[in-house]
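[1] Got a sequence here, can you model it:
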Amino acid sequence: MPPFEFSNGSRQAKGGDPNIVTVDVGGQIFQTTKQTLTLAGPKSLFSRVSESDLVPFIDRDPELFSILLSLLRTGNLPSKAKAFDLQDLISESQFYGVETLILNSLSNPSQFDVFNLEKSLVLPLNGRDSPSAISTTPFGSVHVAHGSKITSFDWSLRRKSTILTQFTAVDSLLSISPSVAAAGATDFSGLQILDLDSGSVRESLNWENVTKSSSTVQAIGSSPELLFASFESGRRNSNSIMVYDLQTLNSVIEIGHYEIYGAEIDSAIPATKLNWVSGYSLLMASGSHSGISGVSGNVKFWDIRSGSVAWELKEKVDCFSDITVSDNLSGIFKVGVNSGEVFFADFRKMGAEDRWFCLGDGRKVVNGKKEGVGCKIESHGNQVFCSKGGDLELWSEVMMGSLKKLSVDGLEDRVFRKNLMGRVKDMGGSKITNLGFGGNKMFVTRKDQQYVEVWQSSAKGF
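    Numbers count the residues shown, from 1 in each chain. Now for the predicted structure:
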């Protein structure tokens with residue numbers, strides 16, 4: 001007998017309310033409404049059931065069906081679902097065609113509860129290489145580059161697959177979809193668009209300078225419609241940022257093309273981080289360089305439509321070790337390479353001479369030690385996350401209400417406060433090398449460790 005049928009032996013639905021639907025699942029009778037079943041979508045098995053005048057028999061587990069029916073009714077999994085293995089629920093949801101509902105219930109970005117995050121599990125990686133780059137999708141699947149391999153975990157973190165790339169080591173990685181990623185390396189020519197299911201290269205995107213030399217990828221970024229890639233020539237005498245259509249991968253525009261002559265060190269710095277600022281429709285491109293006189297860098301905000309620079313910051317004093325931008329907080333955050341402190345620049349004050357405001361203690365550098373080397377900083381939602389060695393700091397803006405004060409330029413002063421993340425047993429360990437966010441999860445990698453840490457809310461864990 002097939003798992004689902006409308007046979008002649010099916011009992012006729014009893015007279016009464018035509019909106020009531022009766023279903024026989026594994027010998028157990030369930031009743032619900034047509035409106036509830038249609039919430040599963042037109043392609044689901046529930047939709048077929050709602051359209052029948054017979055009592056269908058479904059040869060499946062009635063307890064799992066009960067959980068999925070409760071999910072349809074409320075939009076959330078009932079507490080009794082935790083008594084079942086997650087993979088069983090996923091397999092059952094795939095049979096009924098409602099896996100998306102499970103995903104929305106268990107890995108929705110709206111469930112990201114930053115003040116209740118704790119390390120919940122680790123995702124082991126094959127081989128001896130530690131992660132060099134990670135990239136996530138909005139609903140929590142994650143791709144991890146380690147050595148020449150890329151390992152992908154689906155949103156449930158239960159299904160794992162690994163492909164071998166042409167790179168010796170992947171330095172830049174960007175998720176385009178759960179099964180497609182863009183990858184590049186600083187010692188291998190071209191940006192590759194990879195099919196993560198088959199391991200094949202869908203397309204290779206290249207940039208050539210005036211001497212037609214090969215180019216390597218320094219950074220990758222994206223907006224909802226565009227793909228950005230920072231290239232540097234093999235001879236390191238030119239660099240550029242290419243903009244592609246994310247769907248067709250056709251070239252849209254080239255920006256920031258610099259040919260370096262002599263000692264023009266500022267233009268010699270390629271962008272090593274690309275962030276899209278959706279609220280302003282600008283691309284933030286940042287890069288730094290270490291020389292005899294110390295670390296210097298620049299941050300440029302590009303208007304893609306005109307190909308021109310809207311804002312530019314040149315970093316000389318306590319240049320950034322890492323930098324990020326937050327649309328929600330309307331500003332830029334950096335970690336000073338010398339001080340190790342977190343600094344904030346308000347978008348409303350980009351024209352000011354002194355843009356950066358130190359959020360920390362403003363400690364002075366002792367004995368020339370660069371406290372910020374290796375620190376990572378990323379924004380997500382209304383928070384900023386900063387790694388210091390093996391620990392994580394969380395910076396949040398404090399709403400002052402009527403106590404807000406005006407600065408000399410007539411704008412309100414903004415106040416940020418720091419919290420250390422995790423339980424005591426989660427803190428410390430090897431230096432953090434990557435931070436990523438997807439669904440209701442945060443992903444962390446550490447130096448010389450062959451795994452990825454998953455941080456989730458203690459209340460939302462399954």
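[2] For the rest of this, base every contact and every neighbour count on C-alpha atoms.
    OK.
[3] Next, the residues that contact stretch 244-260 from outside, please.
    With C-alpha atoms under 8 Å, 6 or more residues apart in numbering as the test, stretch 244-260 has contacts from 222, 224-228, 237-243, 267-268, 304, 307-308.
[4] which among those residues end up buried?
    222, 226-228, 237-243, 267-268, 304 (16 or more other C-alpha atoms under 10 Å).
[5] on that earlier part again, quick one: which of the contacts of stretch 244-260 sit in strands?
    Taking DSSP state E as the definition of strands, the contacts of stretch 244-260 contribute 222, 226, 227, 228, 238, 239, 240, 241, 242, 243, 308.
[6] The helix or strand encompassing residue 71 - what's its average pLDDT?
    According to DSSP states H and E, residue 71 maps onto helix 62-74. Helix 62-74 comes out with an average pLDDT of 94.
[7] buried ones in it?
    62, 64, 65, 66, 67, 68, 69, 70, 71, 72, 73.
[8] Which single one of those is nearest to residue 431?
    In terms of C-alpha to C-alpha, no member of those lies closer to residue 431 than residue 71, at 40.6 Å.
[9] separation between the closest one and residue 36?
    Per C-alpha to C-alpha, to the nearest Å, residue 71 is found 10 Å from residue 36.
[10] what do those two both touch?
    Contacts common to residue 71 and residue 36, judged by C-alpha under 8 Å, 6+ apart, are absent.
[11] Please tell me how far stretch 173-180 is from the chain's geometric centre.
    10 Å (C-alpha atoms, centre = their mean, to the nearest Å).
[12] Only the buried residues of it, if you could.
    By neighbour count on 16+ other C-alpha under 10 Å, the buried set for stretch 173-180 is 173, 174, 175, 176, 178, 179, 180.
[13] Switch those residues over to JSON lines; also include pLDDT.
    Shown next, in JSON lines, are the buried residues of stretch 173-180 (pLDDT from 0 to 100):
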{"residue": "173", "pLDDT": "97"}
{"residue": "174", "pLDDT": "97"}
{"residue": "175", "pLDDT": "96"}
{"residue": "176", "pLDDT": "94"}
{"residue": "178", "pLDDT": "89"}
{"residue": "179", "pLDDT": "92"}
{"residue": "180", "pLDDT": "95"}
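[14] closest to residue 345 among the residues you listed?
    Nearest to residue 345 among these is residue 174, at 26.4 Å by C-alpha to C-alpha.
[15] What are the contacting residues of the strand or helix carrying that closest one?
    Following DSSP H and E, one finds residue 174 within strand 172-177. Residues outside strand 172-177 that contact it (C-alpha under 8 Å, 6+ apart) are 133-137, 143, 145, 181-185, 217-221.
[16] swap the cut-off to 6 Å and go again
    Residues from elsewhere that reach strand 172-177 (C-alpha atoms under 6 Å, 6 or more residues apart in numbering): 135, 181, 182, 183, 184, 219.
[17] I figured the fifth one was touching residue 215, is that so?
    Spelled out, it's residue 184. No - between residue 184 and residue 215 there is no contact under C-alpha atoms under 6 Å: 10.6 Å.
[18] buried ones in stretch 109-124?
    By 16+ other C-alpha under 10 Å, the buried positions in stretch 109-124 come out as 109, 111, 112, 114, 117, 118, 119, 122.
[19] The nearest residue to the last one once chain neighbours are set aside and residue 37, how far apart?
    Here the nearest residue to residue 122 in space, its sequence neighbours aside, is residue 453; by C-alpha to C-alpha, 6 or more residues apart in numbering that works out to 4.5 Å. Remark: distance between residue 453 and residue 37 (C-alpha to C-alpha) = 38 Å.
[20] Likewise for residue 352?
    From residue 352 to residue 37 the distance is 58 Å (C-alpha to C-alpha).
[21] on that earlier part again, what is the neighbour count of the residue nearest to residue 122?
    Residues lying near residue 453 (other C-alpha atoms under 10 Å) number 19.
[22] Packing partners of the helix or strand containing it?
    Residue 453 belongs to strand 451-457 when assigned by DSSP H and E. Other helices and strands packing on strand 451-457, by 3 or more C-alpha pairs under 6 Å, 6 or more residues apart in numbering; DSSP states H and E, are strand 117-124, strand 441-446.
[23] Quick one: residues in contact with that strand.
    Strand 451-457 has contacts (C-alpha under 6 Å, 6+ apart) with 113, 116-125, 441-445.
[24] now the strands for the stretch 351-462 of the chain?
    Counting by DSSP state E, counting those that start in this stretch, the stretch 351-462 of the chain has strands at residues 356-358, 377-380, 383-388, 391-398, 415-420, 432-438, 441-446, 451-457.
[25] wait, which of those is closest to residue 292?
    Set against residue 292 and scored by C-alpha to C-alpha, these come closest in strand 356-358, at 24.3 Å.
[26] Low-confidence stretches in the chain?
    Scanning the chain for pLDDT under 70 picks out 1-16, 261-267, 353, 362-368, 400-412, 458-462.
[27] now the helices for it?
    Ranges of helices in the chain, per DSSP state H, are 34-38, 45-50, 62-74, 86-96, 99-106.
[28] From residue 398, how far out is the residue nearest to residue 328 when sequence neighbours are not counted?
    Setting aside the residues directly before and after it, residue 328 is nearest to residue 382 in space (C-alpha to C-alpha, 6+ apart), at 5.8 Å. Residue 382 sits 11 Å away from residue 398, going by C-alpha to C-alpha.
[29] Same question for residue 64.
    Here the criterion is C-alpha to C-alpha. By it, residue 64 lies 44 Å from residue 398.
[30] Looking at residue 382 and residue 398, which one has more neighbours?
    residue 382 (14 against 10).
[31] Can you tell me how far the more buried one is from residue 455?
    To residue 455, residue 382 is 17 Å away according to C-alpha to C-alpha.
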